[in-house]
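J.: Show me the folded form of this:
(chains A and B)
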Amino acid sequence: NAGVTQTPKFQVLKTGQSMTLQCAQDMNHNSMYWYRQDPGMGLRLIYYSASEGTTDKGEVPNGYNVSRLNKREFSLRLESAAPSQTSVYFCASIEKYRGYEQYFGPGTRLTVT
Amino acid sequence: QQQVKQSPQSLIVQKGGISIINCAYENTAFDYFPWYQQFPGKGPALLIAIRPDVSEKKEGRFTISFNKSAKQFSLHIMDSQPGDSATYFCAASHNQGGKLIFGQGTELSVKP
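T.: Reported below is the predicted structural model:
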């Protein structure tokens, strides 16, 4: 049982490049989330998927797109990376019927130059 | 708009002391208040959580105190240990949606 996995762990992009961050969970959770973590800002929700086949915007969705590929996988795409998207990105999943605990992945550290 | 405000930003405590971190929220619809612990290079992990129908919850050395009328809640770490050195985040959510609103984080350092 690996929990929540994320790839890659580190990535450096040039401004304007695109990339997809991958997330997968093996806990059969319904809901999945993407957060970004910046110093002094806590974690801010980018997008979430309450269940397979649905996605919704969070607090800071601009510049990102998501795909809920199946129940296990939820990807985050940066179409044209900007320096302001330099951050640490976390994926999380939750089975709300078990008390709201969100399980986080290890994170992807992204630098945009 | 920051709906959950956390203080202090950083905290240094001696081993064996009490660490106290405070959070205040604005939205009275919040119905779940967790604290997450994050070690460097790792994702956050749930430490302890409380619902607004109780004023206190204790798990080992960790206690949440909740004041619904003041819209404030706090984390107390008793007998703080160097292994407790980490960043702590308070959070809140509502309507069973699972979406968490996080505070800004507190970097705790426990000195031996």
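J.: List the beta-bridge partners for the residue most central in space within chain A.
T.: Ranked by distance to the mean C-alpha position of chain A (CA atoms, centre = their mean), the top residue is A:W34 at 2.9 Å. On DSSP bridges, the residues paired with A:W34 through beta bridges are A:Y47, A:C91.
J.: Wait, it touches A:C23, no?
T.: Yes. The pair A:W34 / A:C23 is scored as a contact, 7.3 Å apart, by CB atoms under 8 Å. C-beta coordinates here come from the backbone N, C-alpha and C atoms, glycine included.
J.: Report the set of residues contacting both of these two.
T.: A:F74, A:L76, A:C91 (CB atoms under 8 Å, 6 or more residues apart in numbering or on different chains).
J.: where's the first one relative to B:Y32, distance?
T.: Okay, so that is A:F74. Counting by CB to CB, to the nearest Å, the gap between A:F74 and B:Y32 amounts to 22 Å.
J.: Compare the two (neighbour count), which wins?
T.: A count of neighbours by other CB atoms under 10 Å in any protein chain shown puts A:F74 above the other of A:F74 and B:Y32, at 28 against 19.
J.: got the contact list for the more buried one?
T.: When contacts are counted by CB under 8 Å, 6+ apart, A:F74 touches A:C23, A:A24, A:M32, A:Y33, A:W34, A:S49, A:V66, A:S67, A:R68, A:C91, A:S93.
J.: pLDDT value on the third one, please?
T.: According to the prediction, A:M32 has pLDDT 94.
J.: Let me know the closest of the shared contacts of A:W34 and A:C23 to B:G41.
T.: Lowest distance from B:G41 to these (CB to CB) belongs to A:C91, with 15.7 Å.
J.: got a list of what the closest one touches?
T.: Here A:C91 is in contact with A:4, A:6, A:21, A:23, A:25, A:32-35, A:74, A:76, A:104-105 (criterion: CB under 8 Å, 6+ apart).
J.: May I have the beta-bridge partners of the closest residue to chain B within chain A?
T.: At 3.3 Å from chain B, A:F104 is the closest residue in chain A, using CB to the nearest CB. According to DSSP bridges, the residues that bridge with A:F104 are A:A92.
J.: Show me what from chain B comes close to chain A.
T.: B:4, B:6, B:9, B:32, B:34, B:41-46, B:49, B:89, B:93, B:96-105 (CB under 8 Å from any CB of the partner chain).
J.: Let's see that with 6 Å instead.
T.: Within chain B, the positions near chain A by CB under 6 Å from any CB of the partner chain are B:Y32, B:G43, B:P44, B:L46, B:F89, B:G98, B:K99, B:F102, B:G103, B:Q104, B:G105.
J.: and the fourth one, that one's in a strand?
T.: Yes. If the criterion is DSSP: H, G, I helix; E, B strand; the rest coil, then B:L46 is within a strand.
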